[in-house]
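>>> generate coordinates for the sequence data below:
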Amino acid sequence: MALIKPVKGIHPQFGNDCYLAENSTIVGDVIMGDQCSVWFNAVVRGDVNSIRMGNKVNIQDGAVIHCTYEKTKVEIGNNVSIGHNALVHGCKIDDNVLIGMGAIVMDNCEIGSNTIIAAGAVVLENTKVESGVIYAGVPAKKVKNINQELIHGEINRIANNYIMYSSWFKEEK
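Below is the predicted model:
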């Protein structure tokens, strides 16, 4: 069973049909929507500020979601994939976003909808990423506009796959 702990009397809350890997950690002021998943060794730390997630959010293996005390919260929309070993810190992510493996999204960033942050990208503090683009590099910059094929072929495919993957682990119980 996942490590789920209250902090200062505030317990994490989970929507319907969520999957939490046995060695994932979810603490404090965290509210998740429906069909979310938190995978192996991932940490969602709502101890110093709040973390809010919509529906169909997957936090993949080794990813960390955290905030800054008394300064920044995390807001994640619907249909969002946070890739393996990514770091999402004190920022806002709109709907239909893919944060690639190992990417870092810093405090006060805003990631627009229908966007891909490439693997390994570093989105610097206070960056506003417009909707419908791919950002890559260190520091991350706009590479190109995203087309509908990538939205359906990557962003939606990955989010839907993680719902399917989580069903495999739920069946094992």
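
>>> just say helix, strand or coil for residue 169.
Following DSSP: H, G, I helix; E, B strand; the rest coil, residue 169 is assigned to helix.

>>> what residues are up against it?
Residues counted as contacts of residue 169 (C-beta atoms under 8 Å, 6 or more residues apart in numbering) are 19, 21. In this view, the C-beta of every residue, glycine as well, is placed from N, C-alpha and C.

>>> now with 10 Å?
19-22, 37, 39 (C-beta atoms under 10 Å, 6 or more residues apart in numbering).

>>> quick one: it and residue 133, what's the gap?
According to C-beta to C-beta, to the nearest Å, residue 169 stands 33 Å off from residue 133.

>>> before we move on, what about residue 78?
Residue 78 is 19 Å from residue 133, by C-beta to C-beta.

>>> one more: residue 144?
Going from residue 144 to residue 133 by C-beta to C-beta gives 7 Å.

>>> now do the shared contacts for these two.
residue 116.

>>> which residue of the two possesses the greater neighbour count?
With neighbours defined as other C-beta atoms under 10 Å, residue 144 and residue 133 compare such that residue 133 has more, 18 against 12.

>>> how about that one, phi and psi?
phi -130, psi 170 (degrees, to the nearest 10).

>>> if we can go back for a sec, among the contacts of residue 169, which ones are in strands?
Per DSSP state E, strands hold the following members of these: 19-20, 37.

>>> closest one of the residues you listed to residue 3?
When these are ranked by distance to residue 3 (C-beta to C-beta), residue 20 comes first, at 9.1 Å.

>>> residue 37 versus the closest one, what's the distance?
Residue 20 is 7 Å from residue 37, by C-beta to C-beta.

>>> now do the shared contacts for the two.
Here residue 20 and residue 37 share the contacting residues 59, 166, 169, scored by C-beta under 10 Å, 6+ apart.

>>> and which of these is nearest residue 9?
Distances from residue 9 to the shared contacts of residue 20 and residue 37, taken by C-beta to C-beta, are shortest for residue 59, at 23.9 Å.

>>> which residues touch that closest one?
By C-beta under 10 Å, 6+ apart, residue 59 lies in contact with 20-21, 24, 26, 32, 36-39, 42-44, 53, 65, 76, 80-84, 86, 88, 99, 162.

>>> and the buried ones among those, selectable in ChimeraX?
To isolate the buried ones among the contacts of residue 59 in ChimeraX, judged by 16 or more other C-beta atoms under 10 Å, type:
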select :20,21,24,26,32,36,37,38,39,42,43,44,53,65,76,80,81,82,83,84,86,88,99,162
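
>>> nice, that's everything, thank you.
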